[in-house]
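[1] Got a predicted model here, sequence first, then my questions.
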Amino acid sequence: MSSLSDRPRLAVRLLDERLRDFMPHYSTQGSAGMDLRALLDAPLTLAPGQCELVRTGLAIHIADPGLAGMILPRSGLGHKHGIVLGNLVGLIDSDYQGELMISTWNRGNAPFTIEPLERLAQYVLVPVVHAELEVVDAFDTSHRGADPRGTGQRGTGGFGSSGRH
Ligand SMILES: O=c1ccn([C@H]2C[C@H](O)[C@@H](COP(=O)(O)OP(=O)(O)OP(=O)(O)O)O2)c(=O)[nH]1
Ligand SMILES: [Mg+2]
């Protein structure tokens, strides 16, 4: 487990004073994400199929290109109420300095009301590796991997090429 001092320190701007009492945090020692709250002045009802961009009131400048942020749905809202993300996953660039916005989509079949400052989604910090693309004429043939039972070849097979069972 990383000690507090080992953790990357991210600069955060609070774009609304209400956030001062509602800073995102890891709710347990093992939490992967910090919940993001809906910065709303009044309850927002999303009709089935409706998608709205919801403010968080937070700008987080990650700065380190070896890191990125991800905005992910909360499983309870997604599974029980159909409240997920209009972009499915939000990817936050390390050089983004704007407000974190949550594209909130009611994919369910009943209206759902989001309350001001309700925890709406979660923010996960992830490592990123930048690649250099090198153009080649052909690839060495690829195999399924180190598993000795994996006798087949992958090659260009995909999209279910290995069957279902
Ligand atoms: O759910 C999201 C997704 C993105 N962003 C912000 C941060 C991110 O760094 C920026 C751009 O996101 P992305 O690259 O996914 O969107 P784009 O449509 O490619 O926009 P751009 O042309 O600005 O890159 O928008 C959010 O606030 N919430
Ligand atoms: Mg982009």
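    It's in. Ligands and ions are numbered 1, 2, ... in the order given.
[2] Bridging across strands, which residues link to whichever residue of the chain sits closest to ligand 1?
    Residue of the chain nearest ligand 1, by C-beta to the nearest ligand atom: Gly90 (2.2 Å). Every residue, glycine included, has its C-beta placed from N, CA and C. Beta bridges link Gly90 to Ile71 when assigned by DSSP bridges.
[3] Show me which residues of this structure are close to ligand 1?
    71, 87, 90-93, 96, 100-101, 103 (C-beta under 6 Å from any ligand atom).
[4] Farthest-apart pair in these, please.
    Within those, Asp93 and Ser103 form the most distant pair, 15.7 Å apart (C-beta to C-beta).
[5] Just the pLDDT for Leu4.
    pLDDT recorded at Leu4 is 83.
[6] Next up, phi/psi of it, please.
    phi -50, psi -40 (degrees, to the nearest 10).
[7] May I ask which helix or strand encompasses the residue lying closest to Pro73 once chain neighbours are set aside?
    Distances taken as C-beta to C-beta, 6 or more residues apart in numbering put Val84 closest to Pro73, at 4.6 Å, once the chain neighbours are dropped. Using DSSP states H and E, Val84 falls within strand 83-85.
[8] Nice, that's everything, thank you.
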